[in-house]
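Enquirer: Sequence unavailable; structure follows:
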């Protein structure tokens, strides 16, 4: 067993090890809007759903000392406007999304550079991305700042899903995740995974069922 005191590692070493262990990570392709009405689009793999009542998402957005208030454009825009949209990333748009990860100047709209189409959102000002199969309109709740790590919490207040990925069954709606083909982030800086090509099922037992066995 290799023993590691994580506090003795550099930030880059911690990144290499931890992002190789916590996999696959969903990707949030986040659109925000700045003070001058310029849209920012950027992907984040420190992201997940944290609850459903209310529906809460968490984004890990690091700092950038070269930007306003030392924040990345996404973090700064969310702090100022308190609104953002998370666009789902799948195999069809991963290359365009990857292009938006370049550190373009704040006055440049990454979505336009990547050739993506912006659509008006319903409840928030930042636009959603048409080519994404689903869009989560979010309102900022709070930000937890610990050292150079910033965790942004938001509430999903409106949802868009392309019609072909939704199925009605017994008066309820189900998402056809296998058809969406979402992409996840893996280890290192350049590895991704196709998340629905090798699925298996494992039922969760109740205590009563376990006891019977």
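Expert: Sure thing, it's come through. Because the structure is a prediction, the values reported are computed rather than measured.

Enquirer: So which bits of stretch 61-73 are buried?
Expert: 61, 63, 64, 67, 68, 71, 72, 73 (16 or more other CB atoms under 10 Å). C-beta here means a position set from N, CA and C on the backbone, and glycine is covered the same way.

Enquirer: And for stretch 19-26?
Expert: Under the neighbour-count rule (16+ other CB under 10 Å), stretch 19-26 has 19, 24, 25, 26 buried.

Enquirer: Let's see which of the residues you listed end up in strands.
Expert: 25, 26 (DSSP state E).

Enquirer: I'd like the buried residues of stretch 19-26 written out as CSV, with pLDDT and distance to residue 170 added.
Expert: Shown next, in CSV, are those (pLDDT from 0 to 100; distance: CB to CB, whole Å):
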residue, pLDDT, distance to residue 170
19, 93, 40
24, 95, 31
25, 96, 33
26, 97, 28
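
Enquirer: ok, residue 191 - contacts?
Expert: Residue 191 is in contact with residue 185, counting by CB atoms under 8 Å, 6 or more residues apart in numbering.

Enquirer: Can you give me the distance of it to residue 20?
Expert: 9 Å (CB to CB, to the nearest Å).

Enquirer: Could I get the phi/psi values of the residue nearest the centre of the chain?
Expert: The C-alpha lying nearest the average C-alpha coordinate of the chain belongs to residue 28 (CA atoms, centre = their mean; 1.7 Å). The phi/psi pair for residue 28 (degrees, to the nearest 10) reads phi -100, psi 120.
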